[in-house]
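Peer 1: starting from these lines, generate the structure:
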Amino acid sequence: MSTSGASPASVQRPKRTLRFTRQGRFYVLVTLGVGAAALNTGNNLLYLVLGLLLSLVIVSGVLSDLVLFWVRPTRSLPGRAHANSPFLVEITLTNEKRFLPSFSIEVEDVAQGAPSDRRCYFLRIEPAGERKAVYRRTSPGRGLLVFDKLVLRTSYPFGLFEKTLVYERPDKLVVYPELLVDRVGLRRAEQRSEGESLSVAGHGLEPLGVREYRLGEPARSVHARRSASLGTLVVKQSAAARSARVRLSLADVIESDVPGEPWRARFEDAVSRAAWTVVEAHARGADVEIHTRTGRSTRATAQGSLDPVLRFLALLEPIVSVDLSASEPTQPTRSGRRSKKNKPSIEAAR
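Peer 2: Numbering: from 1, shown residues only. Presented below is the predicted three-dimensional model:
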């Protein structure tokens with residue numbers, strides 16, 4: 001998981017806000033009423049009650065500041081996340097106070113275009129200690145998910161006011177496409193896959209030759225005819241088969257004749273099916289690669305990581321190419337036929 005923290009050079013003072021809770025508004029109204037009564041009557045007892053009420057407000061503000069100040073939040077993002085699938089984000093609060101603990105802090109993680117209804121709650125953070133909490137987030141689409149800030153809130157100790165500190169913690173996460181099952185597409189890709197054999201010893205099917213028998217090898221590996229002709233035991237040796245190579249093309253994924261057709265949804269569907277196909281083919285031991293009209297992804301070997309290919313699909317965007325001459329009126333040709341309009345097409349590109 002990648003961790004988002006604040007470097008010493010980029011530390012900014014957090015923004016501070018304050019708002020009344022429902023109980024706080026009622027408390028302020030009562031305080032104002034007691035103050036007005038004390039001024040009108042001059043009763044010392046009412047002045048004493050007013051002083052107690054105002055002191056409670058001051059104590060609440062001081063304690064809430066002590067709870068929030070010198071608390072550093074950090075965010076840890078997952079290594080892989082897919083659209084429309086929940087993934088986990090870890091929030092860490094570090095209490096940098098040496099002697100005072102912090103109580104009752106709620107943390108909201110804010111990201112662009114992906115609101116979250118889940119928040120992390122920390123009941124107590126020991127002095128010079130840290131606490132971690134995990135929440136679930138779901139991104140509605142693939143692409144770059146930008147995290148903006150971490151918002152710390154507390155209504156400690158009396159629940160009269162909610163004090164907020166906003167920490168700027170920018171971070172980015174590449175959300176991979178949603179995985180839509182496409183067994184027909186996988187079968188077609190496997191039928192078009194390329195398989196080769198290496199001229200090195202291994203457990204493949206292509207014969208490579210014979211070698212001298214070694215003690216402890218199974219008897220079924222002995223080549224009987226060659227052993228009889230050579231007068232010594234030799235075993236069969238095969239070439240190690242190279243994993244199949246699966247290539248998927250998104251060059252002609254969409255062509256639209258109707259300008260109002262929901263081509264974007266069809267494009268996203270094709271990308272999601274391609275993502276499932278490459279994940280499944282890679283799990284079966286194949287090298288995978290994505291081709292478009294303007295480029296191709298890095299090939300992911302069977303023993304390597306699939307993340308470069310999924311990242312390529314996550315950042316893939318369609319290009320709408322429309323022939324402007326199509327909007328002009330057609331002119332009759334010499335043969336009397338009208339010229340055909342070019343179709344507006346949409347191709348996949350980086």
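
Peer 1: show me where the protein has its helices.
Peer 2: 22-41, 44-68, 183-191, 224-230, 263-283, 307-314 (DSSP state H).

Peer 1: which parts of the stretch 201-350 of the chain are strands?
Peer 2: Ranges of strands within the stretch 201-350 of the chain are 234-241, 245-249, 254-255, 287-291, 317-321, 345-349, based on DSSP state E, counting those that start in this stretch.

Peer 1: dump the helices of the chain to CSV, plus mean pLDDT.
Peer 2: Shown next, in CSV, are the helices of the chain (pLDDT from 0 to 100):
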stretch, mean pLDDT
helix 22-41, 92
helix 44-68, 91
helix 183-191, 76
helix 224-230, 78
helix 263-283, 84
helix 307-314, 89
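
Peer 1: wait, which of the ones you listed is closest to residue 301?
Peer 2: Between residue 301 and the helices of the chain, the shortest gap by Cβ to Cβ is with helix 263-283, which sits at 8.9 Å. (Glycine included, C-beta is placed from N, CA and C.)

Peer 1: neighbours around residue 272, how many?
Peer 2: Counted with other Cβ atoms under 10 Å, the burial measure for residue 272 works out to 22 neighbours.

Peer 1: surely residue 249 touches residue 291?
Peer 2: Yes. Counting by Cβ atoms under 8 Å, residue 291 is a contact partner of residue 249 at 4.6 Å.

Peer 1: in stretch 83-96, which residues are buried?
Peer 2: By neighbour count on 16 or more other Cβ atoms under 10 Å, the buried set for stretch 83-96 is 83, 87, 89, 90, 91, 92, 93, 94, 95.

Peer 1: so how far is stretch 40-47 from its chain's centroid?
Peer 2: Relative to its parent chain, stretch 40-47 has a centroid offset of 62 Å by Cα atoms, centre = their mean, to the nearest Å.

Peer 1: not counting sequence-adjacent ones, nearest residue to residue 28?
Peer 2: The spatial neighbour of residue 28 that comes closest, neighbours along the chain excluded (Cβ to Cβ, 6 or more residues apart in numbering), is residue 20 at 6.8 Å.

Peer 1: what is the neighbour count of the one you found?
Peer 2: Burial measure for residue 20: 13 neighbouring residues, criterion other Cβ under 10 Å.

Peer 1: dump the residue contacts of it.
Peer 2: Residues near residue 20 by Cβ atoms under 8 Å, 6 or more residues apart in numbering: 28, 160, 161, 162.

Peer 1: quick one: pLDDT of the last one?
Peer 2: Translated: residue 162. Residue 162 is assigned a predicted lDDT (pLDDT) of 92.

Peer 1: quick one: it and residue 25 touch, right?
Peer 2: No. Look at residue 162 against residue 25 with Cβ under 8 Å: they stay out of range, at 11.5 Å.

Peer 1: those two: who's more crowded?
Peer 2: For residue 162 versus residue 25, the count of surrounding residues by other Cβ under 10 Å is larger for residue 162: 17 against 13.

Peer 1: look up the closest residue to the more buried one, ignoring the ones flanking it.
Peer 2: Distances taken as Cβ to Cβ, 6+ apart put residue 155 closest to residue 162, at 4.8 Å, once the chain neighbours are dropped.

Peer 1: wait, residue 279 touches residue 181, no?
Peer 2: No. Counting by Cβ under 8 Å, residue 181 is not a contact partner of residue 279; they are 10.4 Å apart.

Peer 1: more neighbours, the two?
Peer 2: Between residue 279 and residue 181, counting by other Cβ under 10 Å, residue 279 is the more crowded of the two (19 against 12).

Peer 1: for the more buried one, give me its contacts.
Peer 2: Residue 279 is in contact with 179, 306, 310, counting by Cβ under 8 Å, 6+ apart.

Peer 1: I'd like the residues you listed as TSV, with neighbour count appended.
Peer 2: Listed next are these as TSV, based on neighbours: other Cβ atoms under 10 Å:
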residue	neighbour count
179	19
306	19
310	26
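
Peer 1: and which of the residues you listed is nearest to residue 132?
Peer 2: Minimum distance to residue 132 across the contacts of residue 279 is 27.3 Å, recorded for residue 310 (Cβ to Cβ).
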